[in-house]
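In: The following comprises the amino acid sequence and a computationally predicted model.
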Amino acid sequence: MIGTAVGHGWGRLYAALMNLPERPMRWAQGHLPDGRLGWLFVGPNLAIFAVFTFLPILIDFYYAGTGGTNLLPTERPWVGTENFSSLLACKDYLDPNSCVRDQFWYAIWNTSEFVVLQVALMLFFSLATALVLNRKILGRGFFRAAFFYPVLLSPVVVALIWKWVLQRDGVLNAAMVGAGMQPVEWLLSARSAFGWTVFVSIWAHMGFYTLILLAGLQAIPADIYEAAAMDAAPPWRVFRRITLPLLMPSVLVVLVLGLIRAVQIFDEVYVLTGGGPGSATTYLVEFIYNTGFSAQVRQYGLAAAASLLLAGVLLVLTLIQLRGMRPTKGDPRG
Amino acid sequence: MLADLPLRITLAAAALAALGGMTSQAEAADIRIACYSDGNECPATKVLAERFMRDNADIHITIDEMPYKQILESVPVQLAAGNGPDIARISDFGQVAPYQLDLTPYLADAAYWQTAYGPVLDWMRTGPDDHGIYGLMTQLTVSAPIVDKTLFDQAGVPIPTKGATWDDWAAAAAKVAKATKTPFGMAWDRSGARFSGPAISEGAKFFYSAGHPPVVDDGFKAMAAKFVKWNQDDTIDKDVWVSTGGGYRDAFEEFANGKIAVYLSGSWQLARLQKQIGDGFDWVVGDAPCGPGGCTGMPGGAGFVAFKGTKSPKEVARFLDYLASEPVYAEWMVMTSNLPANLDLQKKKLDYKLSPAGIAAMNQFQANAATLTPLAYKLQGSPLSRPMFNATVDRISQAITGQITLDQAYERITSDVADAAAAKNKK
Amino acid sequence: MGKLARMLTATRGRGRMDWTDWASYLYLALGTLLMLGPVLWLGLSSLKSPSGLIEFPPTLLPQEQVRVSVPNYPNPLPLYRITRGDHAGQSLAEVRKIGLQATMVDPAAPDTLIRVPVDDRSKVMRFHAAWGNYTDLLQKFDFGRYLWNSVFITTVATLLTLLLNSMAAFALSKYKFAGREPVFLLMLATLMIPPTIILVPNYLIAAVLGLTDNPWGVIWPAVATPTGVFLLRQYMLTLPDDLLEAARMDNASEWRIYWRIVLPLSKPALAVLAIFSVMWRWNEFLWPMVVLGRNEAFTLPLALNSFQGELTTQWNYLLAMTVVTLVPITVIFALLQRHITQGIASAGVK
């Protein structure tokens, strides 16, 4: 009895809510030309974009041209391109030590190395996993889910899991000792810490790209393979001549999404290594965060300038993607 | 319908009255305090605040406890945006200097504050011309070596006494570590302030003229070179300075787990020492190691700073006045096992509720506080001390890992500090 | 039965598993171990007491050293088995340990103290799951509040995301108006913008609007997701226009068309977006860290990170917190796994 009453109540509430925009909508329909209604629907979303995405970018340009330590733009002195010139001032671009902003250049070189290594390895392993999963495998759903699971975890959780494993007294060192080797301070040496950030970030994101590649593989019609089998084509040639070209669109998606994400790496690394040891795992976004938010003297202008430079890099990368996608637009499968 | 009117009006009136009642209650001044604890400072403050609120029903105080790192990182940003707390427990006064409130017009007896808290009031001031009172120090801390006496006893090595140098300490610690198969002889907290005490002892002068940013001089370089060497030959636990998670890191857990013989930290660790080590091993506080510049550690401490954005400056001053009064302050120090920043209380012996070991430690800390050089006080209060400390930590740890050479580290420290000074001075 | 057998043995087509099949299964097995292993290890470790966590090498299952009550001593003492020397084979309780020597006592004869070098002992352990790590969380660390904050933000943000994105997608797919293409491209362009760039200005805007330190500061900036609009628009494009025309001829308002026709038909895409949104909001870290200053407003990842700084070595609590943070997502994943993977696959193909 109460149940139906409550259900009835909810139903009335729901109907009332749903009918709320009815009358204003009819008014709008009566008064606006047909197409303009679109603005009504897209309006709220667009408004939020405007306030929280476009406006900040404009403000960012202003920040990048100002100095001082004040947060409020009205209190910041204009310095023109000084932030940019100080960021880019280097005697030898290959040696961060010769630069005025050496931490920035450490970050750039670290990030570059990270991106190249991480994307290449991730593509390799995602492709390998997708190929394996594409076979007639028992329990494919389970394996697919297992590989995808780390993608769901929060970056803080990911970092803590691996911090726990890689500790001086952690389970990895325990295994080393058990195997007769010496325990290693994994996160204390520069190269090792760097390597682990690559590994952890691949671990945490590989499943996502594996799925994309798997879908791409499964979209290739089976008859093509049957035709190849009839010609007794060796598997390597099948892969190179048939699979890979047909998989290109997916590979490109993985490549560019992966690149964009790799350039912006922050969350896991921040919790796992905090940028250390020294500045071995300080990447660009962490540099920006440190400069603007956690340094003793917060240099918002510098942080804004650095982030605009980062945006420039990303813009270039995304344009490359659009270029790379274009030839496949005519693809019936795309 | 008309008959309903009186009922409706009565109901409306009752509702308004209730609302009115609520609003008048809401007029109690609401004070928010952002607080971090080294030991139990925030809970202790809460106890005192509750007592204060009982006698002052028109003030409502909320204490937000949060990690030290968070206060360091988010409170200044909140203040800049105009929505920070009324009071915050701050250790890095430079960061919040633009937002602090001069309490002098609101205090009941500003002269008392000047006499009782004189030297440390300077730490919150922005320069020699500033005579404002911006807050109350919640303790005076002093850095000192904490020694695992049990390990020294087992190794048969005597603990270095008054007058021993840092070289003596390092040698003794290394010997103890070797004899007892302890992983490391020493560990220093990852903090520029911690480093500065030994640096001053070694002869660093930091300031060459008033207002000039601190510099890297021969004394500083001498200590830095030693420190890097000790890290690299495992006399000192490299993990602490080089370790992941940039920023402040202490080595307390390593010490408590018996992995270190000598731990350079300070008096704020007392509560933790008592609680966590218990009688796991015997520990004592050592005298400050000496050098050409003196036998000094670094003073420090956090203070409750009041901010301009507060809507209740008078009430804030009343609460801080309450805490600053001698009896309440004394009780506060006993509750938190801290050294008082109050000059009058420093001359007295406070009745700390500690074990005999704890009381001995406090006495030793007090003795160490007496050997602090004026330069140490000055450095702690200098507006550029934080950039100096941070640069020291960043660059020296880079030197330890070999990312840069020591000479490059010195250059970088100087340029980092100059950079921070330039940014600060931009108007 | 025959069918089952055939399915079980379906391999590379020869009726037998050849080496590529073995290699595949091995690869998948190792991969699964690598993916799920650390998480399981986390879970197991979270049930250990602090003393159990310091053990090196670590034990697989949560174990704790046995403590015995010995007459004359107020607290239970840890029990050891002596492996060498005069008292080999005995189980003695430790009174205190100083460096390399331990003072021990036989529980049966509590009056005599025995000195034993620490190397000659091994701990007596028993299985013990320290559920206290979890119960303490709720009592000591106000964890319920962080959980609530995360749930609130995630739920409200997801509902708003679904509403606003579907409205925008509806407009962009079913209405012809000048500015339709530019708006869509503009929205897509925002995908290129890394959140760090707009971190500082966004904080400023949030502060001006009074959105700092409250969950709405996390919710509002996050709900207009370009990915969501893109996803829904692609899906809505496939909905036949005549349905809408028919409804219009029946004099239905545009709102009713949106609410009653388009939305229900878009359920699959909405489901995928909902799952994405839950994932994004639950795990979000950088922006909430900047905009939420007050401890009470923290979400789970933030609380986790701040406790990581504080409790650098109270790993037992840290581990338990981490597990609690990842359990909800895990549960959702287990239930909706197929939808999620299909959704991503279809998005990728497009």
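Out: Arrived safely, thanks for sending. No experiment lies behind these values; they were computed from the predicted model shown. Numbers count the residues shown, from 1 in each chain, chains lettered A, B, ... in the order given.

In: so residue B:157 sits right up against residue B:175, yeah?
Out: Yes - counting by CB atoms under 8 Å, residue B:175 is a contact partner of residue B:157 at 5.2 Å. Quick note: C-beta positions are derived from backbone N, CA and C, even for glycine.

In: more crowded one of those two?
Out: residue B:157 (20 against 16; other CB atoms under 10 Å in any protein chain shown).

In: Per-residue confidence, that one, what does it come out as?
Out: With respect to pLDDT, residue B:157 has a value of 93.

In: so it, which of the three states?
Out: coil (DSSP: H, G, I helix; E, B strand; the rest coil).

In: Could you check how far it is from residue B:285?
Out: Residue B:157 is 17 Å from residue B:285, where distance means CB to CB, to the nearest Å.

In: Then residue A:192?
Out: On the measure of CB to CB, residue A:192 and residue B:285 end up 37 Å apart.

In: got it, and residue A:163?
Out: 32 Å.

In: Next: residue C:287.
Out: The separation that residue C:287 has from residue B:285, given CB to CB, amounts to 44 Å.

In: More neighbours: the two, which one.
Out: residue B:285 (25 against 19).

In: nearest spatial neighbour of residue B:414, skipping sequence neighbours?
Out: residue B:216 (5.6 Å; CB to CB, 6 or more residues apart in numbering or on different chains).

In: I'd guess the one you found is in a helix, am I close?
Out: No - counting by three-state DSSP, residue B:216 is not part of a helix but coil.

In: List the residues that contact it.
Out: By CB atoms under 8 Å, 6 or more residues apart in numbering or on different chains, residue B:216 lies in contact with B:410, B:413, B:414.

In: anything in stretch A:78-85 near chain C?
Out: No - for stretch A:78-85, no contact with chain C is found by CB under 8 Å from any CB of the partner chain; the gap never falls below 13.0 Å.

In: can you give me the end-to-end distance of that stretch?
Out: Taking CA to CA, to the nearest Å as the measure, stretch A:78-85 stretches 14 Å from start to finish.

In: so which strand or helix has the closest residue to residue B:86 other than its chain neighbours?
Out: Nearest residue to residue B:86 in three dimensions, chain neighbours excluded: residue B:310, at 4.1 Å (CB to CB, 6+ apart). If you go by DSSP states H and E, residue B:310 is not part of any helix or strand.

In: how many other residues sit next to residue B:310?
Out: 20.

In: What pLDDT does the model give residue 22?
Out: Chain wasn't specified; assuming chain A. 73.

In: oops, chain B please
Out: Listed pLDDT for residue B:22 reads 41.

In: close enough to count as contact, residue A:207 and residue A:147?
Out: Yes - with contact defined as CB under 8 Å, residue A:207 reaches residue A:147; the gap is 4.2 Å.

In: okay, and the common contacts of these two?
Out: Joint contacts of residue A:207 and residue A:147 (CB under 8 Å, 6+ apart) are residue C:35.

In: And these two? Which one has more around it.
Out: residue A:147 (29 against 23).

In: and that one, how far is that from chain B?
Out: Counting by CB to the nearest CB, to the nearest Å, the gap from residue A:147 to chain B is 27 Å.

In: so that residue sits right up against residue A:208, yeah?
Out: No - checked against CB under 8 Å, the pair residue A:147 and residue A:208 is beyond contact range at 9.3 Å.
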